[in-house]
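Q: Here is a sequence with its predicted model. Questions after.
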Amino acid sequence: MTDAPAGKGLAKSAGALAGVKVIDLTRVLGGPYCTMILSDHGADVIKIEPPQGDEVRDWGPPFHAGDASYFIGVNRNKRAIALDLGKPQGKAVLLRLLHGADVLIENFKPGAMEKWGLGYGAVLSQRFPGLIHCRVSGFGGDGPLGGLPGYDAILQAMTGLMSVNGDAQTGPMRLGTAIVDMGTGLYAAIGILMALHERARSGQGQYLDMTLYDCGLALLHPQAANYFLNGKRPAGTGNPHPNLVPYDKYPTRTCDIFIASGNNGQFRKLCDLIDRPGLADDPRFANNGERNENRVALTLALAAAFMEHDGEALALRLIRAGVPAGPVRSVDEAAVAPHTAHREMVTELDWYTGIGTPIKFSRTGGGTRRPPPKFAEHGVEILAEHGYTAAEIDALGEAGVLHRQRRI
């Protein structure tokens, strides 16, 4: 028996998706984020890259052994092979890899798979009736914007997400994280799991049409709900809540903290804990409606009181007393926070460090199994598993189908 690998946030079981085979033709972020979620929980994800590689291998610095952090952050637990699918032999290899596969996910421009003779309706569903084919695209294949490429920041702009971020001074602002790409990856993972569940009853695969446009719109809560009910255009409000006071970021002696007081009881507790009980008795702040009308005066009073306190200690005291509060931390501070360690939300294996899986099971715990793959790292291994001889593998290399070095 071999010793378990040393590290943090490692997989504790074969995983809830053990036995599920995923052929991953995606690049950049949305699709790879989806397949990392699946691989964290035991799916065998075979990442097929083009000869030039997934372009985000170059999206740095920082780099590790030539691969950018952007690639490293969403590609753990996968095996990698590089194929030229534009060649007939490359198509043949892909079809052989699809034998026994449960899921094919790709983010080529709509129509590309069909152009290569690999469309779902005409080819894949006929040869592999149980296959789930998930396509991730910007806008889908039809409609006014059908076939156009999609990029996270552009979709943030077009779906209204930017318009509700920022405030009156800044105007619409892009969210700092690629929320549309990552949201689409999450929705795609959910859709794939639904399709696998349905297939267990019907025995049939199906096609999933996932678009960044749809997923960007789906993230507009509560702004869309408000608009549909009152007909008013939502706008960015920055940190303050448009309806609740106090609900904002405040400076303290040591750091900024965020307060999210939602009712009169929480407000009174807040005032007591910062040694300003008189604020809760002030008629200007008696209820949320009055506090909203007098938010400037209340903000000034609270800011003066908070400056007397250590922010971390005050926020902890408040939340333990039932007043929603927390310190405003930087990424590096959040990564080393004690609760982050307790939840195993930073994972480490060999040279690799990343954010761990947030999906925690009682029996089938997922996590890190292998570091992100180097370019074409597992090509020979994967082909051998699918019945290729050493001579056939060499021939694929000589024909320019199988690549072991990135094409520059």
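A: Great, that's in hand. Quick caveat: nothing in here was measured; it's all calculated off a predicted structure. Numbers count the residues shown, from 1 in each chain.

Q: residue ranges with poor pLDDT in the chain?
A: Using pLDDT under 70 as the threshold, the predicted model of the chain has low-confidence ranges 1-4.

Q: Correct me if wrong: Gly366 contacts Gly15.
A: Yes: under the criterion of C-beta atoms under 8 Å, Gly366 is in contact with Gly15, at a separation of 5.1 Å. Heads up, the C-betas are built off the backbone N, CA and C, glycines and all.

Q: Between these two, which has more neighbouring residues?
A: In this view Gly366 and Gly15 are compared by other C-beta atoms under 10 Å, and Gly366 has more residues nearby, 28 against 23.

Q: Could you say which helix or strand holds the more buried one?
A: Assessed by DSSP states H and E, Gly366 sits outside every helix and strand.

Q: Let me see the contact set for it.
A: Contacts were defined as C-beta atoms under 8 Å, 6 or more residues apart in numbering; by that measure Gly366 touches 11-13, 15-16, 40-42, 357, 359.

Q: Now, of those, which are buried?
A: The neighbour-count test (16 or more other C-beta atoms under 10 Å) marks 11, 15-16, 40-42, 357 as buried among the contacts of Gly366.

Q: Where helices are concerned, which of those residues count?
A: By the criterion of DSSP state H, membership of the buried ones among the contacts of Gly366 in helices covers Asp40.

Q: Distance to Ala325 for the buried ones among the contacts of Gly366 - can I get that in JSON lines?
A: Shown next, in JSON lines, are the buried ones among the contacts of Gly366 (distance: C-beta to C-beta, whole Å):
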{"residue": "Ala11", "distance to Ala325": "35"}
{"residue": "Gly15", "distance to Ala325": "37"}
{"residue": "Ala16", "distance to Ala325": "35"}
{"residue": "Asp40", "distance to Ala325": "32"}
{"residue": "His41", "distance to Ala325": "34"}
{"residue": "Gly42", "distance to Ala325": "38"}
{"residue": "Thr357", "distance to Ala325": "28"}
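
Q: Count the neighbours of Ala399 for me.
A: When neighbours are counted by other C-beta under 10 Å, Ala399 registers 13.

Q: Now for it: which residues touch it?
A: When contacts are counted by C-beta under 8 Å, 6+ apart, Ala399 touches 87, 89.

Q: gap between it and Ala92?
A: When C-beta to C-beta, to the nearest Å is the yardstick, Ala399 and Ala92 sit 11 Å from each other.

Q: Next: Gly31.
A: Counting by C-beta to C-beta, the gap from Gly31 to Ala92 is 23 Å.

Q: Who has more neighbours out of these two?
A: For Gly31 and Ala92, the more surrounded residue by other C-beta under 10 Å is Gly31, and the numbers stand at 26 against 12.

Q: Who are the contact partners of that one?
A: 24-25, 105-107, 136, 185, 188.

Q: can I assume it sits in a helix?
A: Yes: if the criterion is DSSP: H, G, I helix; E, B strand; the rest coil, then Gly31 is within a helix.

Q: pretty sure Asp209 is in contact with Phe139, am I right?
A: No: if you go by C-beta under 8 Å, Asp209 and Phe139 don't touch, sitting 10.5 Å apart.

Q: Look at the two and report which has more neighbours.
A: In this view Asp209 and Phe139 are compared by other C-beta under 10 Å, and Phe139 has more residues nearby, 20 against 16.

Q: Checking Leu85 next. Helix, strand or coil?
A: Using three-state DSSP, the secondary structure recorded for Leu85 is coil.

Q: Arg284 and Asn292 touch, don't they?
A: No: with contact defined as C-beta under 8 Å, Arg284 does not count as touching Asn292 (10.7 Å).

Q: Residues in contact with the longest helix anywhere in the chain: which ones?
A: For the chain, the longest helix by residue count, based on DSSP H, is helix 179-202. Counting by C-beta under 8 Å, 6+ apart, helix 179-202 makes contact with 20, 28-34, 37-38, 102-103, 105, 130, 132, 134, 136, 152, 155-156, 159, 161, 205-206, 208, 210-212, 215-216, 218-219, all of which sit outside it.

Q: Of these, select the buried ones using a PyMOL command.
A: Only the buried members of those end up in this PyMOL selection, burial being decided by 16+ other C-beta under 10 Å:
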select buried, resi 20+28+29+30+31+32+33+34+37+38+102+103+105+132+134+136+152+155+156+159+161+205+206+208+210+211+212+215+216+219
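
Q: which ones among the contacts of helix 179-202 are found in helices?
A: Cross-referencing those against helices under DSSP H gives 30-34, 37-38, 152, 155-156, 212, 215-216, 218.

Q: Tell me the one of those nearest Asp332?
A: Within the ones in helices among the contacts of helix 179-202, distances to Asp332 taken as C-beta to C-beta reach their minimum at Tyr33, with 22.0 Å.

Q: Can you tell me the closest non-neighbouring residue to the closest one?
A: Gly185 (3.3 Å; C-beta to C-beta, 6 or more residues apart in numbering).

Q: Around the one you found, how many other residues sit close by?
A: Other residues near Gly185 number 26, with proximity taken as other C-beta under 10 Å.

Q: any idea how far it is from Ile192?
A: 11 Å.

Q: ditto for Ala301
A: Between Ala301 and Ile192 the computed distance is 52 Å (C-beta to C-beta).

Q: Of those two, which one has the most company?
A: The neighbour comparison of Ala301 against Ile192 (other C-beta under 10 Å) goes to Ile192, with 25 against 20.

Q: how near is Tyr148 to Ala337?
A: Let me fix one detail, which is that residue 148 is Leu and not Tyr. Applying C-beta to C-beta, the value for Leu148 to Ala337 is 41 Å.

Q: which residues does Ala280 contact?
A: Ala280 makes contacts with 264, 267-268, 271-272, as judged by C-beta under 8 Å, 6+ apart.

Q: Okay then, goodbye and thanks.
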